[in-house]
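[1] predicted coordinates and the sequence they were generated for:
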Amino acid sequence: MKRSMYLLVSMIVLASMLLAGCGPAATVAPATAVPPVVVPTQPVAGCAAATGTAAIPFPSGGKTVTVAFSQEPDLLSGLFSSMSFAQWITQGILVGLGTWDANNNFIPELAVEVPSAANGGVSADGLTITWHLKPCLYWSDGEPLTSADVKFTWQVEVDPGNAVYTRAGYDQISSIDTPDDTTAVLHFSKLYPGWQTLFTSGPNNQGSIQPMHLLQGKTALESDPFTHWPTISSGPFVITDWVAGDHLTMLPNPNYWKGHPKLDQIQIKFVPDPETAKAALKTGDVDFVPDFAESDLADLPALEPAIHTRVDAGPEFEHYLFNLGIKGTGVGQSDYAGFCPFHKKDERNAIILGIDRQTIVDTLLFGKTTVPASLWPNSYWYNTSLTPYPFDPTQAAALLESAGYTAGADGIRHGMCNGVDTKLSFNFETTTKQLRIDMATAVQGMLANIGVEFKPVFTPSGTFFGNYASGADMATGKFDMAGYTTGFYPDPYTDGFLCSTVISNQNQGGDNNYHICDPALDTMSQAVNASADPAVRKAAIDQIQQYMYDNALVIPIYARANVMAYTDRFILPPTSVISGMMGDMFDWDVK
Amino acid sequence: MWTYISRRLIQALFILLIITGVCFLLTHYSADPMSQYANKQGMTAADRAAIAHSLGLDQPLPVQYVKWLWLALHGNLGNSFFSRQPVLTLIKERLPLTLILMVTAEIFIIIISLILGTVSAVKQYSAIDNIITSFSFIGYSMPIFFIAFAGIQIFAVQFKAWGLPYLPTGADIWNPKNLGVLIRHLVLPVSCLVIIQVAGYSRFLRSSILEVLGLDYVRTARAKGLSERTMLLKHALRNAALPFITIIGLDIPFLLGGALVTESVFAWPGMGRLFWEYAQRGDFPVVNGVLLLTGSAVVFFTIIVDVLYTFVDPRIRLS
């Protein structure tokens, strides 16, 4: 009886599983990339036919390099992936109308020239931008690349059916006219000073032109096989092979407007461990590792002369920020108040003066980068009139003394802050990255010398950078001080200082991590976006930096660097701070 | 037998249900997938809300779990939050190479452990026992990444520098369908796994055999005039192997999960890396998919081991 009972129950369970399995399946994205059907191509009017319809095979004895990436890209579209590795590769396969050269000048890519007021490309009110594409452009499959693709890219960006990761700027375009195959006229509904970041491809741009002939009529493009693995290209290379978790292969695009790149093949191998990458450089298994951490500078120079190390300035900087939140429910107010002494300029200044940032750079970063005075170092936007705060513990102590903070029995200062006896002891939250841990440990010792207790808390980045809904400390304002990297991408983002972007229960989508709401700063930040004239914007951005410097609002720690290493046979041209080390694959070469 | 299996299968389904619930909860609080967009300036609140909606993150957690479970019952583990690929596709891409690595290592681990453990027990306190014991402790106490990097430095980097035949670092582009190339790439990672595991297993087997060798029936077997070899192989080892089989049986499901450190150091595109890389980003569907796979394997292999017991040890009756 008991046996029959067990058998019956097990049969029922198995039957229900089978029935469940036979039910209507949920919609799932197609599995893997399918090579596109190559249609007979029609040459663009007045142009010769496309050179080819598929990538150029690797010739015997051809020039090839192997690049090691520490992470595999999730999908290869700047529109849908926020991952740097994805955007680096995308730069070589799906390009934009413009790009940035090694001197950080904005130059045309698929366009004939960069629009400007002088050439009539930018209207007097800045609301109309006219791009002229190069004539006779083709995708790698031989289909013409025209202004219709530009318009289609905009439609993809603003289609609510597509989960692009940002529509910023594209949602300011009201319409695009395409009077002919090479002209795209962008009409903005309101001034968008950062228009150069649209329809461009780069580490932090999301505008690579999309092929209308393959994607038209589709929606939910984030799950489309083409988005995962673009099988055609408008850039110098086409991805012809992608072995999951292992490597991908890029071969030359026969129709790239510049012609054949200097290399016949690039292979990208996914090597998660930097020590293995170093060993592979020594054995010649890989030629180029573009993403070493700054801490790897400890032993990379010892690999010379067989392995060269290059440290290029990056667009980012590490900074520590005070929580300047004011508790309340109004606009610009936070759920939690920042640490009381941080609301006083002298106390903030004392903290800054008590941190020896140059020693941090010299010891932990081997002197390979710089201490910035303000935000956005290594860029056109950096206020060069400012000099970095000095390391002056004597003055720091004096500032705290004059503010009424005296040392207690445990050596930590305390004093009255808004009528409450307050100990100068606060938490500092950052990620678990080793360099950040080392820096925080150093800062802890430095601040202890001036009677300040700095208590680091290390949180995995997935939690640290969580949003308001996830309860992350930085987003909700439950922190005293935090540290992370930010930068210019490639246009400084000043909206993060606005009162209207302070994150709170009432404004959960805000991105003002500083929780600062300062009317003066608000006015200056708004001025940045009130003009499309770079000179006017530069003046406004300089003013913001001056104000933040004078009021000791943030602590810029060091300018981030791109640490690369490569074998002697590999020729790496100069790279742009904005486009990064993968921005010029066309000119990569070997000896 | 069938009653027992039926009962265990029913239990297994409930256990799996609990496992999936706990894992879903833990992974949800381990990382926030939206943190990937936290430092992306220019993203508006609407952008973030749209992405959260497209990933289903705007729904209450129980709803997310039930939807995931319903899909899983249909044989669909959902799509990765970031690569947007079906989780089953991602697993299918990585599983074969993980199995090649782990099964090869496991075979060597079992064979070498059996040999070392038996020799060490039979030759107790001899020079060879002391040598095996010493090396076991050395192997057991070394972190696997140290062995892995030492292996790369010596057998890949230095051997090449010295002009000797050398092993690959794993960071080269290679074709696993070429058997010779595959074997060359297996040598270092398999060796690392074997060194670490054999150390513990051989010690375990040694003590197990020593315990059996002291029992009455072994003395009786010797008194019957059986040779040492027959007594060891037919009587002692068979009984001593029981707990060893349990360990091996419990190990097998974890072969599916891969070896994170070994796979990372040798750039081996396996399940361990898949899990870790996606877990770091808070890609719940992939993480939960891998956990469901390994959890199911643990549950079902435990049942298989229990059933195997009856064949190895006639004293055990499943009823």
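    Yep, that arrived.
[2] could you use CA atoms for every contact and neighbour count after this?
    OK.
[3] for chain A, which residues score under the pLDDT cut-off?
    Along chain A, the parts satisfying pLDDT under 70 run over A:1-43.
[4] grab the nearest non-local neighbour of the residue nearest the centre of it.
    Note on chain A: the residue nearest the mean C-alpha position is residue A:204, at 4.5 Å, using C-alpha atoms, centre = their mean. Once its chain neighbours are removed from consideration, residue A:204 has its nearest residue in residue A:489; the separation is 5.6 Å (C-alpha to C-alpha, 6 or more residues apart in numbering or on different chains).
[5] the one you found and residue A:330: what is the separation?
    For residue A:489, the distance to residue A:330 (C-alpha to C-alpha, to the nearest Å) stands at 30 Å.
[6] for residue A:229, same thing?
    Computed as C-alpha to C-alpha, the residue A:229 to residue A:330 distance reads 46 Å.
[7] between the two, who's got more neighbours?
    Residue environment comparison for residue A:229 versus residue A:330 gives the larger neighbour count to residue A:229, 21 against 14, counting by other C-alpha atoms under 10 Å in any protein chain shown.
[8] these two touch, right, that one and residue A:75?
    Yes - assessed by C-alpha atoms under 8 Å, residue A:229 is found in contact with residue A:75 at 6.6 Å.
[9] ok, residue A:333 - contacts?
    With contact set as C-alpha atoms under 8 Å, 6 or more residues apart in numbering or on different chains, residue A:333 has these partners: A:325-327, A:499, A:502-504, A:515, A:517.
[10] so where's chain B shaky on pLDDT?
    Residues of chain B that meet the criterion pLDDT under 70 lie in B:39, B:41, B:317-319.
[11] tell me where it has helices.
    Chain-ordered helices for chain B, with DSSP state H as the definition, fall at B:2-30, B:45-54, B:61-73, B:87-122, B:127-141, B:144-151, B:159-161, B:179-213, B:216-223, B:228-230, B:237-257, B:260-265, B:271-280, B:284-312.
[12] tell me what residue A:454 is bridged to.
    With beta bridges defined as DSSP bridges, residue A:454 has these partners: residue A:426.
[13] get me the contact residues on the stretch 151-300 of chain B for chain A.
    Contact residues of the stretch 151-300 of chain B with respect to chain A, defined by C-alpha under 8 Å from any C-alpha of the partner chain, are listed as B:152-153, B:156-157, B:160-161, B:169, B:171-173, B:264-270, B:274, B:277, B:280-282.
[14] drop anything exposed from these.
    Judged by neighbour count, with 16 or more other C-alpha atoms under 10 Å in any protein chain shown as the criterion, the buried members of these are B:152-153, B:156-157, B:160, B:169, B:171-173, B:264-270, B:274, B:277, B:280-282.
[15] what about the nearest residue to residue A:575 once chain neighbours are set aside, which SS state?
    Ranked by C-alpha to C-alpha, 6+ apart and with sequence neighbours excluded, the top spatial neighbour of residue A:575 is residue A:102, at 4.8 Å. At residue A:102, secondary structure determined by DSSP: H, G, I helix; E, B strand; the rest coil is coil.
[16] ok, now which ones touch residue A:102?
    By C-alpha under 8 Å, 6+ apart, the contact set of residue A:102 is A:574-577.
[17] now it: how far from chain B?
    When C-alpha to the nearest C-alpha, to the nearest Å is applied, the distance between residue A:102 and chain B equals 23 Å.
[18] residues near residue A:448, how many?
    Neighbour count of residue A:448, defined by other C-alpha under 10 Å: 16.
[19] no, scratch that, I was asking about residue A:516
    Using other C-alpha under 10 Å, residue A:516 is surrounded by 28 other residues.
[20] does the nearest residue to it once chain neighbours are set aside belong to a helix, a strand or coil?
    Take residue A:516 and drop its neighbours on the chain: the residue closest to it by C-alpha to C-alpha, 6+ apart is residue A:324, 5.1 Å away. Following three-state DSSP, residue A:324 is assigned to coil.
[21] export stretch B:45-61 as PDB, just CAs?
    C-alpha atoms of stretch B:45-61 as PDB (Å, rounded to 0.1, in the frame of the first residue of the first chain):
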ATOM      1  CA  ALA B  45      15.700  58.500 -14.200                       C
ATOM      2  CA  ALA B  46      13.400  57.400 -17.100                       C
ATOM      3  CA  ASP B  47      16.300  55.600 -18.700                       C
ATOM      4  CA  ARG B  48      17.000  53.600 -15.500                       C
ATOM      5  CA  ALA B  49      13.300  52.900 -15.000                       C
ATOM      6  CA  ALA B  50      13.000  51.600 -18.600                       C
ATOM      7  CA  ILE B  51      15.900  49.200 -18.100                       C
ATOM      8  CA  ALA B  52      14.600  48.000 -14.700                       C
ATOM      9  CA  HIS B  53      11.300  47.400 -16.400                       C
ATOM     10  CA  SER B  54      12.800  45.500 -19.300                       C
ATOM     11  CA  LEU B  55      14.600  43.300 -16.800                       C
ATOM     12  CA  GLY B  56      11.500  42.800 -14.700                       C
ATOM     13  CA  LEU B  57      13.200  44.300 -11.700                       C
ATOM     14  CA  ASP B  58      10.300  46.700 -11.200                       C
ATOM     15  CA  GLN B  59       8.200  43.800 -10.000                       C
ATOM     16  CA  PRO B  60       7.900  42.500  -6.400                       C
ATOM     17  CA  LEU B  61      10.500  39.900  -5.600                       C
END
